[in-house]
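Student: A predicted structure for the sequence below; I have some questions about it.
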Amino acid sequence: MTAGPSGETAARLLAELPPSPAVWCSGLRKRYRRRTAVEDVSFSVGRGEVVGLLGPNGAGKTSVVKILLGLVRPDAGEVLLLGRPAQDPRARARVGYLPELFRYQPWLSADEVLRLHVRLTGAAVPEGERRECLALVGLADRAGDRVGGFSKGMQQRLGLAVALVARPELVVLDEPTSALDPLGRADVRDLLLSLKAREVAVLVNSHLISEVERVCDRVVILDKGRLAASGTLQELLGQQEVRLRLDGVTARAEARLAAAGGLTREGNSFTIALADEDTATVPDLVADLVALGVRVHAVEPARITLEERLLGILRTGSGGERP
């Protein structure tokens, strides 16, 4: 009989294992009478990863979110949140959630709303952290104001603060920018990037495709309750290209162009299929060309947009699904 590892050895082995995904779901299915809302949906969200959930109205996005959070019981499938079953209160206690439709008691102040939600989570959040959370969403000077006097955009900012106040490890945002002006949407983008930097996982359900394209590491696309496509933006959108219009291209300059990636040339127009997504590739290339005496008339990035890709998937029903 072989003895098992000691407690110290077992603890070390567990510490060396990679953390479980923030979200893991497999084979989710949900029917409402004769209507199928979700059918065989599987995906994951890694720690510190921002994943966008896209699809037309009725695609099943909100149903999936509610299943993940335990608000709706699936007919089939499994869900793990932060390595625990979704039904486990210890998993849900570390999840922040902003629903698409939310209402806060109009007689409460913004700070009182946060205090109420902190009590509901059972977390210990000092007053200073609550103030910092309101400042993070642009409501520092409205902490004592009654919510009934807030605009819809301000209430949405408060909803973001509610989702973040208990220091969650996973944040689920359902249409987080629907009521916000362009400045508010930019603030949310910065907020999502700051969460990512702190290794907080984020799942974003949004109709604003341009916002998703700017902040998300991966995208999950649903259509008619099914997973139509998923993957990184590079996987879904294809290789990025850059087109340049140049004069005075010598053999050395053309060799430098070829070194940046796959090169095609039509007269004074050069197209390069970039070898990677390094943001310094194009500026360094242009600087080198200028140093070689090349006159640069135009530099244009070229790649299909996420909106074009989404429309193509929905119209053809083929998205090249990726696990």
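Tutor: Yep, that arrived. Numbers count the residues shown, from 1 in each chain.

Student: which residues does the nearest residue to His207 once chain neighbours are set aside contact?
Tutor: In space, His207 comes closest to Glu175 once its chain neighbours are excluded; the distance is 6.8 Å by Cβ to Cβ, 6 or more residues apart in numbering. Placement of C-beta: from N, CA and C, glycine included. Residues in contact with Glu175 (Cβ atoms under 8 Å, 6 or more residues apart in numbering) are 100, 205-207.

Student: what subset of these is buried?
Tutor: The neighbour-count criterion (16 or more other Cβ atoms under 10 Å) marks 205-206 among the contacts of Glu175 as buried.

Student: between the contacts of Glu175, which sits nearest Glu78?
Tutor: Asn205 (20.5 Å; Cβ to Cβ).

Student: return the backbone torsion pair for that closest one.
Tutor: When read as degrees, to the nearest 10, the backbone of Asn205 gives phi -100, psi 120.

Student: and it, bridged to which residues?
Tutor: Note on Asn205: beta-bridge partners by DSSP bridges are Leu53, Asp174.

Student: tally of neighbours for Asn57?
Tutor: 7 (other Cβ atoms under 10 Å).

Student: and if you look at Gly149?
Tutor: What Gly149 shows, counting by other Cβ under 10 Å, is a neighbour count of 9.

Student: distance to Arg295 and pLDDT added to the contacts of Glu175, as JSON lines?
Tutor: Formatted as JSON lines, the contacts of Glu175 follow (distance: Cβ to Cβ, whole Å; pLDDT from 0 to 100):
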{"residue": "Glu100", "distance to Arg295": "52", "pLDDT": "79"}
{"residue": "Asn205", "distance to Arg295": "47", "pLDDT": "87"}
{"residue": "Ser206", "distance to Arg295": "42", "pLDDT": "80"}
{"residue": "His207", "distance to Arg295": "43", "pLDDT": "76"}
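
Student: and the helices in the protein?
Tutor: Here the chain has its helices, by DSSP state H, at 7-16, 61-68, 89-92, 110-121, 127-136, 152-164, 182-197, 209-215, 233-237, 251-260, 281-291, 306-316.

Student: which strands and helices sit next to the third one?
Tutor: Meaning helix 89-92. Packing contacts for helix 89-92, counted by 3 or more Cβ pairs under 8 Å, 6 or more residues apart in numbering; DSSP states H and E, involve strand 76-81, strand 84-85.

Student: avg pLDDT for that helix?
Tutor: For helix 89-92, mean pLDDT is 82.

Student: tell me how far that helix lies from the chain's centre.
Tutor: 22 Å (Cα atoms, centre = their mean, to the nearest Å).
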